[in-house]
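> Make a model of this:
(one chain, ligands or ions: 1)
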Amino acid sequence: MQSATSEVTRSSTTPRTARGVLARYAEFLPLTAATPALSLAEGDTPLLAAPRLAKWIGVDDLHLKYEGANPSGSFKDRGMVVAVAKAIEAGSTTIICASTGNTSASAAAYAARAGIEAVVLLPAGKVARGKLAQAIMAGATVITLDGNFDQALSVARDLARDYRVALVNSVNPHRIAGQTTAAFEVCDVLGDAPEVVALPVGNGGNVTAYSEGFRIYRDANRSTRMPMFIGAQAAGAAPLVHGAPVANPETVATAIRIGNPASWKSAVNAVTSSGGEFSAVTDDEILESYHKVAELEGVFCEPASAAGIAALRIAVRNGRVAPGMRAVCVLTGNGLKDPDRAVPESFAPAILPADAAELARQLHLTRLS
Ligand code: AN7
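Presented below is the predicted three-dimensional model:
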């Protein structure tokens, strides 16, 4: 009897054991009976209350959506699982993407999982080492191009148009559909949409997906409001702030080193219709936030992810965001992807003798009485 009662009162129709976004959010995704049940158990990432970082930013109520906890370490997995499953459903045996790193890591992982081929086109010299390691380990064909991300995407689109290879960049609508699930999860945990969402913007696919996701949930009466979006761009790669493409984007946040966003229109629609803003943050501001979130909350994200934190802090200072608004920062990628950024080149610790008394002295430890 007891078990029957708990069955009935369980709020979700999703089986408790179901893992991955295809299983958990099937009703909101473009799946058919022929879509393979692909999964690396992506999604269901932590939404962490962050009171110490909140104080530094100047808001009362802040949560971090830690997308670095996804299987390949970034939010891309949510969309990639759908894009790869749909590509297989359509008969593809090879996928291709251009990438600043995370899309390639995710595409490589899901292609390996599904037993198909992945080709990844990377801008020379600007991809974080961890991301490169992921693509190599998963057996993707890794091609380095003499050009930046925007040029690589242009080539990938040409190839997918003229040859038998499926494009899995976020211009593929299945990517966006999968990424809407992050907004669903935020609402499921908070009980409603937050009032403001801050996140880094490169191609604009993710802000587009969050906007669609919050709208889908509101229209399904699972939430009551749309959040305001604060879209963070690096100052040296801020086409959506300036309103014009940037020919030679540069930033320490290599993930968002993008000068001509593929989802330009939908990103602008998402942000402007929300009453929010695109904001340019300097590399110094990005790195300051990158350190603060690690030191104040123990959350290690990659530099691009920290841009959203920096932009939210600016938006509070300039009055766009009121301190009482419930805020979520999306931390799009894991800090382990870019260890070279975290460890200073000058890091050369003194090597101490393995001697307890000597360490106690150096550490100024108080002896137990
Ligand atoms: C950590 O991997 O474009 O605005 O090729 O890796 O949806 O492009 C990555 C983008 C934010 C920006 N944070 O998202 C790629 C790529 C991280 C990212 C973004 C990216 P979009």
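
> CA only for contacts and neighbour counts going forward, please
Fine.

> For the protein, what lies in contact range of the ligand?
99-103, 200-206, 255-256, 304-305, 332-333 (CA under 6 Å from any ligand atom).

> Take those and keep only those in strands.
Under the assignment DSSP state E, those contribute residue 200 to strands.

> Going through the residues of the chain next to the ligand, which ones are buried?
99-103, 200-206, 255-256, 304-305, 332-333 (16 or more other CA atoms under 10 Å).

> Next SSE downstream of the lowest-mean-pLDDT helix or strand in the chain?
Lowest by mean pLDDT, DSSP states H and E among the helices and strands of the chain is helix 2-9, with a mean of 38. Downstream of helix 2-9, the first helix or strand assigned by DSSP states H and E is helix 21-24.

> tell me how far that following helix is from the chain's mean position?
Distance, stretch centre to chain centre, for helix 21-24: 18 Å (CA atoms, centre = their mean, to the nearest Å).

> Can you report phi and psi for the spatially most central residue of the chain?
Nearest to the geometric centre of the chain sits residue 332, at 2.4 Å (CA atoms, centre = their mean). Residue 332 adopts backbone torsions of phi -70, psi -30, taken as degrees, to the nearest 10.

> repeat for residue 119
According to degrees, to the nearest 10, residue 119 has phi -120, psi 130.

> what's the neighbour count on it?
24 (other CA atoms under 10 Å).

> Contacts only, for it.
Residues in contact with residue 119, defined by CA atoms under 8 Å, 6 or more residues apart in numbering, are 94, 95, 96, 97, 108, 140, 141, 142, 143.

> I'd like to know which of those are buried.
94, 95, 96, 97, 108, 140, 142.

> which ones among the residues you listed are found in helices?
residue 108 (DSSP state H).

> Quick one: neighbours of residue 357, just the number.
When neighbours are counted by other CA under 10 Å, residue 357 registers 11.

> Just to be sure, it is in a helix?
Yes - read with DSSP: H, G, I helix; E, B strand; the rest coil, residue 357 is one of the residues of a helix.

> What's the separation between it and residue 366?
According to CA to CA, to the nearest Å, residue 357 and residue 366 sit 11 Å apart.

> now residue 294
Relative to residue 366, and taking CA to CA, residue 294 is found at 28 Å.

> Out of the two, name the residue with the larger neighbour count.
residue 294 (15 against 8).

> I am assuming the more buried one contacts residue 300, so please confirm or correct that.
Yes - taking contacts as CA atoms under 8 Å, residue 294 lies within contact range of residue 300: 5.1 Å.

> how about the strands in the chain?
Assigned by DSSP E, the strands in the chain fall at 47-49, 62-66, 94-98, 117-123, 141-145, 166-167, 196-200, 228-234, 277-281, 327-331.

> May I see the ones you listed arranged in CSV, with mean pLDDT as well?
Formatted as CSV, the strands of the chain follow (pLDDT from 0 to 100):
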stretch, mean pLDDT
strand 47-49, 98
strand 62-66, 99
strand 94-98, 98
strand 117-123, 97
strand 141-145, 97
strand 166-167, 98
strand 196-200, 99
strand 228-234, 98
strand 277-281, 98
strand 327-331, 99
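
> got CSV for these, with distance to residue 346 too?
Converted to CSV, the strands of the chain look like this (distance: least, CA to CA, whole Å):
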stretch, distance to residue 346
strand 47-49, 33
strand 62-66, 29
strand 94-98, 33
strand 117-123, 27
strand 141-145, 29
strand 166-167, 41
strand 196-200, 29
strand 228-234, 25
strand 277-281, 26
strand 327-331, 27
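
> Run a quick neighbour tally on the spatially closest residue to residue 73 that is not a sequence neighbour.
Using CA to CA, 6 or more residues apart in numbering and skipping residues adjacent in sequence, the residue nearest residue 73 is residue 334, 5.2 Å away. A total of 25 residues lie near residue 334 under the criterion other CA under 10 Å.

> Can you give me the buried ones in stretch 268-282?
268, 270, 271, 274, 276, 277, 278, 279, 280, 281, 282.

> Start and end of it, how far apart?
Stretch 268-282: ends 21 Å apart by CA to CA.
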